[in-house]
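Asks: got a sequence here, can you model it:
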Amino acid sequence: MDTLIAWILRAIPFGTIIMYGAMGEIVTEKSGNLNLGVPGVMYLGGFAGFASAYLYENTVQNPNMAFCVALSLVCAFLAAMAGGLIYSFLTISLRANQNVTGLALTTFGMGVANFFGVYILDGRTATQSMVYKTFQSKLPALSRWGILGQTVFGYGFMVYAAIVLAILLHVFLNRTRTGLNLRAIGENPATADAAGISVTRYKYLATCLGAGISGLGGIYYVLDYNQGIWATTGQIEALGWLAVALVIFTTWKPLNAIWGSYLFGLLYWLYQFMPTLLGFSVPGYITDLIQMVPYVVTIVVLVVTSLRKKREDQPPASLGLAYFREER
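Replies: A predicted model of the protein is given here:
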């Protein structure tokens with residue numbers, strides 16, 4: 001039982017990181033833009049949030065932790081949005097290739113974050129920001145409810161904020177006029193344009209907003225999951241690619257991102273807990289194969305949804321395609 005609880009406690013925070021990245025990419029892809037720069041914007045968000053908290057704590061004599069949390073979240077969101085704005089300008093205004101631009105944004109975000117991260121830390125590869133204790137603060141009463149308190153209520157506030165955000169995005173995309181307009185642009189921008197919907201404005205807003213949401217995954221990783229430590233290990237990049245895979249796994253539905261992200265977390269950490277659960281050791285090569293399971297599951301889901309050809313499970317019809325109004 002203790003091993004199972006430890007597995008869940010490891011999987012849910014891990015899944016929350018990629019949930020933020022996936023939800024942001026879902027919003028972006030609903031507009032028809034395929035932003036493969038999710039790892040880059042997560043890096044930008046993680047660095048901006050960490051740097052703002054670190055500098056605030058070290059320049060103010062008696063820092064207010066509530067303000068520090070708000071400052072780090074705002075800076076993370078705005079920095080990630082800036083990355084989305086760069087992508088939008090290149091792909092929407094200049095009509096650059098979306099795949100190449102997204103990959104370039106990943107390299108750019110990772111390089112900028114690591115360079116300035118080490119620069120701020122004065123040559124050290126890692127340091128600690130004390131605001132992480134606030135990010136990790138559990139619900140005081142509910143977290144004491146035995147096993148239920150540990151596995152359901154034993155996390156920081158951003159875990160529950162991610163669930164609420166997923167529900168809000170579902171309502172937005174399926175129950176509001178703006179969300180339906182956004183989906184229309186992703187399916188057929190020419191028809192949406194003819195109906196009087198500003199395709200360019202919606203694409204810009206959706207891409208920047210989606211990047212901002214993905215950036216929250218970066219700040220959650222640094223100031224909660226990684227306990228306020230900035231390190232140039234490349235882990236955020238790996239999580240960003242998992243977030244992109246999760247978008248496909250969830251068939252572009254925000255609600256599916258909730259259980260899908262936690263399932264990814266369980267599958268990702270399966271290699272570490274499986275020997276204890278089974279009661280015998282597992283060879284190293286089997287462990288390496290088990291670490292491939294989340295990606296294999298994504299491929300299986302992609303194949304199954306493609307064979308079923310249910311329209312609601314397919315990506316937006318104009319995903320990755322530039323829109324030229326003159327060719328309408």
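Asks: residue contacts, the nearest residue to residue 19 once chain neighbours are set aside?
Replies: If the residues on either side of it in the chain are set aside, residue 19 comes closest to residue 261, at 3.8 Å by Cβ to Cβ, 6 or more residues apart in numbering. Yep, even glycine has a C-beta here, placed from its N, CA and C like the rest. In this structure, residue 261 makes contact with 15-16, 18-19, 22, 246, judged by Cβ atoms under 8 Å, 6 or more residues apart in numbering.
Asks: among these, which two are most distant?
Replies: Spatial extent of the contacts of residue 261 (Cβ to Cβ) is set by the pair 16 and 246 at 11.6 Å.
Asks: looking at the two, which is more packed in?
Replies: For the pair residue 16 and residue 246, the greater number of neighbours falls to residue 16 (28 against 25), based on other Cβ atoms under 10 Å.
Asks: let me know the next secondary structure element after the helix or strand containing that one.
Replies: When secondary structure is defined by DSSP states H and E, residue 16 falls within helix 2-30. Along the chain past helix 2-30, the next helix or strand (assigned with DSSP H and E) turns out to be helix 38-59.
Asks: now residue 75: how far from residue 212?
Replies: According to Cβ to Cβ, to the nearest Å, residue 75 stands 11 Å off from residue 212.
Asks: checking the residue nearest to residue 19 next. Helix, strand or coil?
Replies: When the structure is split into helix, strand and coil by DSSP: H, G, I helix; E, B strand; the rest coil, residue 261 lands in helix.
Asks: residue ranges with poor pLDDT in the stretch 201-328 of the chain?
Replies: Within the stretch 201-328 of the chain, the segments meeting pLDDT under 70 span 232, 277-280, 282, 284, 326-328.
Asks: try 90
Replies: Applying pLDDT under 90 to the predicted model, the residue ranges of the stretch 201-328 of the chain that meet it are 226-235, 238, 245, 248-249, 266-315, 317, 320-328.
Asks: show residues contacting the helix or strand hosting residue 164.
Replies: Taking DSSP H and E as the criterion, the element that holds residue 164 is helix 157-175. Contacts with helix 157-175, where a contact means Cβ under 8 Å, 6+ apart, come from 12-13, 16, 19-20, 23, 26-27, 30, 135, 137, 178-180, 182-183, 213, 216, 220, 224, 253-255, 257-258.
Asks: and if we set it to 7 Å?
Replies: 12-13, 16, 19-20, 23, 27, 30, 135, 179, 183, 220, 224, 254-255, 257-258 (Cβ atoms under 7 Å, 6 or more residues apart in numbering).
Asks: same question for stretch 106-124.
Replies: Under the criterion Cβ under 7 Å, 6+ apart, residues 36-37, 39-41, 43-44, 46-47, 51, 54, 83, 125, 127, 230, 232, 237 lie in contact with stretch 106-124.
Asks: for residue 35, give me phi and psi.
Replies: Dihedral angles of residue 35 (phi, psi; degrees, to the nearest 10) stand at phi -100, psi 100.
Asks: repeat for residue 229
Replies: For residue 229, the backbone dihedrals (degrees, to the nearest 10) come out as phi -110, psi 130.
Asks: same thing with residue 138?
Replies: Given degrees, to the nearest 10, the pair of backbone angles that residue 138 has is phi -90, psi 160.
Asks: OK, contacts around it?
Replies: When the contact criterion is Cβ under 7 Å, 6+ apart, the partners of residue 138 are 153-155.
Asks: mind checking how far it is from residue 296?
Replies: Between residue 138 and residue 296 the distance is 34 Å, computed by Cβ to Cβ.
Asks: one more: residue 268?
Replies: From residue 268 over to residue 296 the distance is 12 Å, taken as Cβ to Cβ.
Asks: of those two, which one has the most company?
Replies: Here residue 268 and residue 296 are compared on neighbour count by other Cβ under 10 Å; more neighbours surround residue 268, at 22 against 11.
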